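A.B. asks: Using only what follows, build the 3D model:
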Amino acid sequence: MYIANLRVKTENGEEQVEALELIQNLGIKGDKKAKGGDRQVCLADEKALTEYREKNIGLCTKRFMPNISTIGVDYSLLECGQKLTIGNVVIEISAYEKTCFPECTLVEAGTHCEILHNCAFGKIISGGPIHVGNEIVL
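C.D. replies: Residues are numbered from 1 along each chain as shown. Next up, the predicted model:
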């Protein structure tokens, strides 16, 4: 299990980066959404994201951009309170499954995409730097 991509949300939009600095109990340094709370960082499965973007299904293909895209993490097995370790960084899973956009054609049709079940949100328990390619330990 490892980090495939990293993104930060700045005032100028979303930017893909090689490294992020995670701040304990706050979120990502330089991220406009770094305000603490239970959803300090968003993680998602890179393979699921890529598949849906290639199919161009629903709004998530354009609007949902996790901070940390992963390879090899089975999000269906994660539970709230579980901790992920990336180097010295510890992220506690605080929620799983994202909220769908109500205007999405899939939601309007009474269904949903698999991205819903391939992501999680977390709180930063122990901060520090993370980089693309870093191993993720459950």
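A.B. asks: part of a strand, is S76?
C.D. replies: No - with DSSP: H, G, I helix; E, B strand; the rest coil as the criterion, S76 is helix rather than part of a strand.
A.B. asks: can I assume it is in contact with C119?
C.D. replies: No - at 10.9 Å, S76 does not count as touching C119 under the criterion of C-beta atoms under 8 Å. Any C-beta I mention is one placed from the backbone N, CA and C, and that applies to glycine too.
A.B. asks: Which one's more surrounded, the two?
C.D. replies: The neighbour comparison of S76 against C119 (other C-beta atoms under 10 Å) goes to C119, with 26 against 10.
A.B. asks: isn't that one right next to D45, touching?
C.D. replies: Yes - with contact defined as C-beta under 8 Å, C119 reaches D45; the gap is 7.1 Å.
A.B. asks: what is in contact with the two at once?
C.D. replies: By C-beta atoms under 8 Å, 6 or more residues apart in numbering, C119 and D45 have these common neighbours: Y75.
A.B. asks: Can you show me the strands along this structure?
C.D. replies: 2-10, 13-17, 19-23, 27-28, 41-45, 68-71, 83-86, 89-96, 119-126, 128-131 (DSSP state E).
A.B. asks: JSON lines please, covering these and showing mean pLDDT and distance to K55.
C.D. replies: Listed next are those as JSON lines, based on pLDDT from 0 to 100; distance: least, C-beta to C-beta, whole Å:
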{"stretch": "strand 2-10", "mean pLDDT": "96", "distance to K55": "19"}
{"stretch": "strand 13-17", "mean pLDDT": "93", "distance to K55": "21"}
{"stretch": "strand 19-23", "mean pLDDT": "98", "distance to K55": "28"}
{"stretch": "strand 27-28", "mean pLDDT": "98", "distance to K55": "29"}
{"stretch": "strand 41-45", "mean pLDDT": "95", "distance to K55": "15"}
{"stretch": "strand 68-71", "mean pLDDT": "98", "distance to K55": "17"}
{"stretch": "strand 83-86", "mean pLDDT": "98", "distance to K55": "28"}
{"stretch": "strand 89-96", "mean pLDDT": "95", "distance to K55": "23"}
{"stretch": "strand 119-126", "mean pLDDT": "96", "distance to K55": "17"}
{"stretch": "strand 128-131", "mean pLDDT": "98", "distance to K55": "29"}
